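Colleague: sequence below, structure please.
(chains A and B)
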Amino acid sequence: MKPGPAARRPYVRPMTGWWRRDPYFVRYMVREATAVAVAVYAVILTAGVVSLARGEAAWDHWLAALRTPASIALHVVLLVAMVIHAKSWFEIMPKTMPMILVGHRRLQAKTITRVGWAAAAIASLLVTWLAWRWWT
Amino acid sequence: MTEARAWPEQVEIDVLRYRPETDDHPVWQRYTVPFDVDMSVLQALQHIKDEDDGTLSFRWSCRMAICGSCGMMINGNPALSCKTFVRDLLPGPVRIEALAHFPIERDLVVAIDGFVKKLESVKPYLIPEHPRALSDGERLQTPEQLEHFEQFSSCINCLLCYAACPQFGLDPEFTGPGALALLHRYNADSRDAGRAQRMAVLNAEQGVWSCTAVGYCSVVCPKGVDPANAVNQNKVNSAVDYFLRFVTNRREQS
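Modeller: The predicted model follows:
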């Protein structure tokens, strides 16, 4: 029996493939997915620290592993993912912060994002410079 | 910019229809309306209802982006139909669907019972520390104190932010951007002392912690409320509140 005109029968639309529905959601998923690259690199660095603690042979072994073509290819992928992550993460950062008043004026979201990007760029350049000095 | 633009005579509008008494699922229906350069999407729908098909259902009231009734998905984006112009959507067809993530009651009308309950749960009104009489006079605030909550008070409950929030779509129990932004509006008000009563809603898994900072809610908000900011800054407040319970020995409020 069909319900009468007064009966409510709300229709719930499925959420299947929701993240493909809007380019904004795709960018959000990319930001979240690149966090995996951050985790993978943290594991690589932790392995280096553990190798260092185990002595010279283990440390040299870890360095040799880093120089393999597979490792270099992985690092290129991780670098690209890290850059995307740093960019998108600082874009959302102002949303996570309470209102900051400088003088009597509100600190703009754009300013917070740019300070974050600048800090990431300066830190990256500093690390690159230190690594270069150690290398040569 | 000075050259005259050739406007079309008419424009096609696709509407996702759902008539619960006859349809098992929503179906697209095409209408053709005469084009007018200052025609809003809402006016196009009103033309359909008045001239073509009186059975088409949609909510509207003020026609000036203040009542919050006419939110719908327009070409896939949550928008107020009174604030969206057909001329910006040419050549068409313009695709119109009920607000995403809400159950469709009929055509473009969604079921908002859940939201109304959430709105009540955040106690969206000032709860003063002591009862006050009118003779006590006004409560003064500095411009800085006003700045802390003013933007969050612009919410018109249009629900576009909910249609922009996949976490609400995946879990309809999530308190959601709009209600949480209003919760923050009162918590951030220097005249309010109801914070402790609202923290249970905020701290719940379906409070701020269901938000994953997608941020689209703030993009679609027609009033510049920035609900993503209201929700995410309260993750810090919620964490502080959680740890404070160990040092202050206060009782859980419901």
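
Colleague: spit out the contact partners of residue B:217.
Modeller: By Cβ atoms under 8 Å, 6 or more residues apart in numbering or on different chains, residue B:217 lies in contact with B:160-162, B:164-165, B:177-178, B:227-228. C-beta: built from backbone N, CA, C; applies to glycine.

Colleague: from those residues, pick the one nearest chain A.
Modeller: residue B:228 (4.4 Å; Cβ to the nearest Cβ).

Colleague: what residues sit buried inside stretch A:28-46?
Modeller: Across stretch A:28-46, burial judged by 16 or more other Cβ atoms under 10 Å in any protein chain shown covers A:28, A:31, A:34, A:37, A:41.

Colleague: excluding its backbone neighbours, what's nearest the residue in chain B positioned nearest to chain A?
Modeller: Using Cβ to the nearest Cβ, residue B:103 is the residue of chain B that sits closest to chain A, at 3.4 Å. In space, not counting the residues next to it along the chain, residue B:103 is nearest to residue A:10; the distance is 3.4 Å by Cβ to Cβ, 6 or more residues apart in numbering or on different chains.

Colleague: find the centremost residue of chain A, please.
Modeller: In chain A, the centroid-proximal residue (Cα atoms, centre = their mean) is residue A:85; its distance is 3.0 Å.

Colleague: surely that residue is in contact with residue A:36?
Modeller: No - using Cβ atoms under 8 Å, residue A:85 makes no contact with residue A:36, being 9.3 Å away.

Colleague: chain A: strands as residue ranges?
Modeller: A:101-102, A:105-106 (DSSP state E).

Colleague: so who does the closest residue to chain B within chain A touch?
Modeller: Across chain A, no residue is closer to chain B than residue A:10, which sits at 3.4 Å (Cβ to the nearest Cβ). By Cβ under 8 Å, 6+ apart, the contact list for residue A:10 reads B:20, B:103-105, B:111.

Colleague: the longest helix in the chain is where?
Modeller: Let's take chain A. helix A:23-54 (DSSP state H).

Colleague: that's the wrong chain, I meant chain B
Modeller: Longest among the helix segments of chain B by residue count, using DSSP H, is helix B:227-248.

Colleague: which neighbouring elements make contact with it?
Modeller: In terms of contacts (3 or more Cβ pairs under 8 Å, 6 or more residues apart in numbering or on different chains; DSSP states H and E), helix B:227-248 is packed against helix B:176-187, helix B:195-203, helix B:216-220.

Colleague: what's the most buried one of the ones you listed?
Modeller: helix B:176-187 (a mean of 26; mean count of other Cβ atoms under 10 Å in any protein chain shown).

Colleague: return the distance of that helix from the chain's centre.
Modeller: Put simply, helix B:176-187 sits 11 Å off its chain's centre (Cα atoms, centre = their mean, to the nearest Å).

Colleague: hmm, that helix touching chain A?
Modeller: No - figure legend: helix B:176-187 not in contact with chain A (Cβ under 8 Å from any Cβ of the partner chain); closest approach 10.0 Å.

Colleague: that helix - what's its average pLDDT?
Modeller: Regarding helix B:176-187, the rounded mean pLDDT is 96.

Colleague: next, the angle helix B:195-203 makes with that helix.
Modeller: Here the directions of helix B:176-187 and helix B:195-203 differ by 160 degrees (axes from the mean of the first three to the mean of the last three Cα atoms, to 10 degrees).

Colleague: hmm, back to that, just to be sure, which of the contacts of residue A:10 are found in strands?
Modeller: Judged by DSSP E, the contacts of residue A:10 include B:104-105 as members of strands.

Colleague: most neighbours among the contacts of residue A:10, which one is it?
Modeller: residue B:104 (24 neighbours; other Cβ atoms under 10 Å in any protein chain shown).

Colleague: what does the stretch 1-150 of chain B have sitting close to chain A?
Modeller: Within the stretch 1-150 of chain B, the positions near chain A by Cβ under 8 Å from any Cβ are B:18, B:20-22, B:25-26, B:76-77, B:100-101, B:103-105, B:111, B:143-144, B:147-148.

Colleague: burial check on residue 54, number of neighbours?
Modeller: As the question left the chain open, I've gone with chain A. Neighbours around residue A:54, by other Cβ under 10 Å: 12.

Colleague: think we crossed wires, I meant chain B
Modeller: Other residues within reach of residue B:54, judged by other Cβ under 10 Å, total 9.

Colleague: quick check: buried residues in the longest helix of chain B?
Modeller: Of the residues in helix B:227-248, B:227-235, B:237-238, B:241 count as buried by neighbour count, 16+ other Cβ under 10 Å.

Colleague: got any ranges where the chain has weak pLDDT?
Modeller: The chain I'm using is chain A. A:1-6 (pLDDT under 70).

Colleague: I was thinking of chain B, sorry if that wasn't clear
Modeller: In chain B, residues with pLDDT under 70: B:1-4, B:249-254.

Colleague: phi first, then psi, for residue B:94.
Modeller: phi -90, psi 130 (degrees, to the nearest 10).

Colleague: which residues pair with it across the strands?
Modeller: In this entry, residue B:94 is beta-bridged to residue B:13, by DSSP bridges.

Colleague: and it, how far from residue A:15?
Modeller: Separation of residue B:94 from residue A:15 (Cβ to Cβ, to the nearest Å) stands at 24 Å.
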